[in-house]
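Student: For reference, the sequence and a predicted model appear below.
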Amino acid sequence: MDTAGRDAAFKAILLQMGRVREVEPLLRHVVESLIERPHVALARIWLRKPADICDDCFLSDECVGRIECLHLVASAGEPHADPEADWNSLDGFFRRFPLGARKVGHVAATGDAIEVPCVQEDSTWIARPEWAKAEGIHGFGAQPLQYEDQVLGVLAVFTRTRMERSSFEWLRMLADHAAGAIVNARAFEEIAQLKAELELENEYLREEVRSRFGSLVGQGPAMRRLSEQIDLVASSDATVLVTGESGTGKELVAHEIHTRSPRAARPLIKVNCAAVPRDLFESEFFGHVRGAFTGATKDRAGRFAAADGGTIFLDEVGEIPLELQGKLLRVLQEKQYERVGEERTRNVDVRVVAATNRDLAADVEAGRFRRDLYYRLHVFPIEAAPLRDRSEDLPVLAEHFLERAARKLDRPVPRLTREHVAQLRAYSWPGNVRELINTLERAVITAHGRKMRIELPHDTPIAAPSPTEVDAADVLTRTELLGRERSNLLAALEQTRWKVSGPGGAAELLGVPPTTLQYRMRKFGLKRPRR
């Protein structure tokens with residue numbers, strides 16, 4: 001190729017390099033452009049990266065520190081002697097080079113180029129002279145990919161003709177431009193990654209705003225006790241496990257813990273573990289890199305990355321697959337994780353609040369939940385009381401949710417009467433606060449002006465008797481009622497031999513969830529007697 005043709009080809013390579021903003025396509029473009037030049041047999045690029053396959057590396061005996069080495073990241077060539085050989089592969093004997101070892105490692109360690117015009121005359125720098133002879137290799141050049149004072153890697157070229165001085169100068173200029181392009185591409189990739197993480201965080205925050213329904217509402221003993229527990233744990237970084245029936249406001253407890261903590265200025269990220277497909281748990285939690293699996297068309301930051309510096313709320317934590325629980329335990333203990341398809345270990349500073357309506361202790365005994373993870377989550381347990389145990393809060397809760405529903409529907413706020421309150425208190429609310437919200441929103445929709453009608457299921461679990469049905473002599477004091485409730489619980493536990501949950505357990509006998517029974521056992525101080 002004449003000088004003018006070579007200059008035009010060089011300019012075309014540089015122009016294309018300036019357009020590529022990702023490292024991998026950039027490196028592939030460089031080596032593929034080089035082998036399009038006449039007489040270039042093989043072009044390869046190695047970059048400095050942390051050591052990763054020391055036990056399987058062919059050159060591990062020549063590696064001293066085993067901390068950093070050269071990784072083969074791009075290769076292109078056309079074999080003649082062995083048409084079956086794949087010179088585009090990134091595997092093989094020289095996929096890693098220890099720094100300082102052999103010709104490529106020497107270039108990376110010293111920053112000095114190697115120029116061998118004819119390997120037939122000087123085979124000092126050729127590891128396999130028989131391969132060079134069979135393939136007709138004559139010239140060899142290795143240039144450091146150097147940016148300012150840092151050697152990023154090595155660009156090496158094997159030619160089937162003698163390499164002249166002008167060819168080495170041309171390769172030197174290409175290596176300098178490639179080093180600058182690599183730095184720029186890495187910067188663009190980092191910007192794109194940060195942008196993706198920011199977009200993901202914003203989406204999670206928008207989801208949080210949509211799902212939040214306000215601060216804690218209520219003045220009763222259960223709510224005061226809950227607020228005191230939140231105040232105790234919020235200022236620390238202790239892991240919190242919120243238990244309780246579905247609809248009791250466990251997510252709201254997590255919001256309050258985060259809001260009252262020093263992490264309040266950072267995001268609160270929610271993960272509904274029950275809604276994540278089994279195969280995507282790891283990607284959802286920790287993120288993935290492009291190409292990690294089918295459909296992974298770009299890098300994605302996981303929810304732990306989005307929550308860095310803040311709090312992550314793991315709702316329905318009992319639904320996490322057993323095989324992934326070990327990785328969650330590692331994040332809790334070591335604050336480290338890897339994205340799917342990536343070897344880099346990342347550090348994260350996240351406070352974990354988990355929630356469940358399952359009996360995790362029973363799941364541990366049944367082998368469905370890791371014991372070590374259970375105790376790591378169970379550092380500070382908080383139980384969200386069911387609505388039926390908070391009847392004193394029903395009037396203020398009803399007013400609050402009626403006002404919210406009226407604003408949402410642009411309707412006048414209906415009037416809450418004593419009859420309405422009595423009706424609400426007579427119902428057991430198996431769906432808890434969530435059911436109350438839906439019931440009152442339906443009442444606002446069907447209301448006529450400020451007059452409304454509250455519709456509850458006909459099979460009300462706890463029907464309030466009318467005054468005419470109760471003999472004055474049968475009226476019990478609160479202390480007597482609590483005593484009867486305790487006696488009834490104790491009788492059920494003794495009848496089932498203190499089996500709380502599962503078939504034939506006391507919870508099934510009483511027709512209540514196991515978590516409710518456990519709450520009432522603690523309330524009345526009932527403990528299984530020692531044998």
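Tutor: Done, it's in.
Student: so what's Gly244 closest to, chain neighbours aside?
Tutor: Ala384 (3.4 Å; CB to CB, 6 or more residues apart in numbering). Where you see a C-beta, it was placed from the backbone N, CA and C, and this is true even at glycine.
Student: wait, Arg344
Tutor: Glu338 (6.6 Å).
Student: Give me the pLDDT value at the one you found.
Tutor: Per-residue confidence at Glu338 stands at 89 (pLDDT).
Student: How about the contacts made by it?
Tutor: Contacts for Glu338 (CB atoms under 8 Å, 6 or more residues apart in numbering) come out as 286, 344-346.
Student: For it, give its distance to His288.
Tutor: Remark: distance between Glu338 and His288 (CB to CB, to the nearest Å) = 10 Å.
Student: again with Cys273
Tutor: Cys273 is 18 Å from His288, by CB to CB.
Student: for Ala185, same thing?
Tutor: From Ala185 over to His288 (counting by CB to CB), the distance is 20 Å.
Student: Please identify which of these two sits among more neighbours.
Tutor: His288 (22 against 19; other CB atoms under 10 Å).
Student: Run a quick check on that one versus Lys298, I expect a contact.
Tutor: No - checked against CB atoms under 8 Å, the pair His288 and Lys298 is beyond contact range at 9.3 Å.
Student: Tell me the helix or strand right after whatever helix or strand Ala422 lives in.
Tutor: Per DSSP states H and E: Ala422 is located in helix 418-425. Next in sequence after helix 418-425, counting helices and strands by DSSP H and E, comes helix 432-446.
Student: Now the helix or strand following that next one: average pLDDT?
Tutor: Using DSSP H and E, the helix or strand that follows helix 432-446 in sequence is helix 478-495. Across helix 478-495, pLDDT averages out at 78.
Student: Tell me where the model's unsure across the chain.
Tutor: Within the chain, the stretches with pLDDT under 70 are 1-11, 18, 123, 125, 196-215, 458-481, 530-531.
Student: re the thing from before, tell me what the helix holding Ala422 is packed against?
Tutor: If you count contacts as 3 or more CB pairs under 8 Å, 6 or more residues apart in numbering; DSSP states H and E, helix 418-425 packs onto helix 394-409.
Student: which residues touch the helix it packs on?
Tutor: Outside helix 394-409, the residues that touch it by CB under 8 Å, 6+ apart are 213-214, 217-219, 387, 411-414, 416, 420-421, 424-425, 433, 436-437, 440-441, 443-445.
Student: Among those residues, the buried ones, what's the PyMOL command?
Tutor: The buried residues among the contacts of helix 394-409 can be selected in PyMOL (16 or more other CB atoms under 10 Å) with this line:
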select buried, resi 213+217+218+387+411+413+414+416+420+421+424+433+436+437+440+441+443+444
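Student: Domain map for this protein?
Tutor: Per automatic domain parsing, the structural domains of the chain span 3-189, 212-383, 409-464, 474-524.
Student: distance between the second one and the chain's centre?
Tutor: Chain-centre distance of domain 212-383: 10 Å, with CA atoms, centre = their mean, to the nearest Å.
Student: can you check the third one too?
Tutor: Taking CA atoms, centre = their mean, the mean C-alpha location of domain 409-464 is offset from the chain mean by 39 Å.
Student: likewise the first one?
Tutor: Relative to the chain's own centre, domain 3-189 is displaced by 37 Å; criterion: CA atoms, centre = their mean.
Student: dump the residue contacts of His420.
Tutor: Neighbouring residues of His420 by CB under 8 Å, 6+ apart: 398, 452, 454.
Student: and the residues you listed as CSV, adding neighbour count?
Tutor: Output for the contacts of His420, formatted as CSV (neighbours: other CB atoms under 10 Å):
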residue, neighbour count
Ala398, 21
Met452, 22
Ile454, 20
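Student: which one of those residues sits closest to Gly77?
Tutor: Ranked by distance to Gly77 (CB to CB), the contacts of His420 are led by Ala398 at 76.7 Å.
Student: How much space separates that closest one from Gly431?
Tutor: For Ala398, the distance to Gly431 - CB to CB - is 15 Å.
Student: same check, this time on Trp46
Tutor: 62 Å.
Student: Those two: who's more crowded?
Tutor: Remark: of Trp46 and Gly431, Trp46 carries more neighbours, 28 against 17, as counted by other CB under 10 Å.
Student: Skipping adjacent residues, who's closest to the more buried one in space?
Tutor: In space, Trp46 comes closest to Leu70 once its chain neighbours are excluded; the distance is 3.8 Å by CB to CB, 6+ apart.
Student: So what sits opposite that neighbour in the bridge?
Tutor: In this structure, Leu70 bridges to Arg48, Phe97 when assessed by DSSP bridges.
Student: pretty sure it contacts Ala108?
Tutor: Yes - with contact defined as CB under 8 Å, Leu70 reaches Ala108; the gap is 5.5 Å.
Student: where do the contact lists of the two overlap?
Tutor: By CB under 8 Å, 6+ apart, the residues touching both Leu70 and Ala108 are 46, 48, 97, 99, 153-154.
Student: Turn these into a markdown table, columns for distance to Ala492.
Tutor: Formatted as a markdown table, the shared contacts of Leu70 and Ala108 follow (distance: CB to CB, whole Å):
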| residue | distance to Ala492 |
| --- | --- |
| Trp46 | 72 |
| Arg48 | 69 |
| Phe97 | 72 |
| Leu99 | 72 |
| Gly153 | 72 |
| Val154 | 76 |
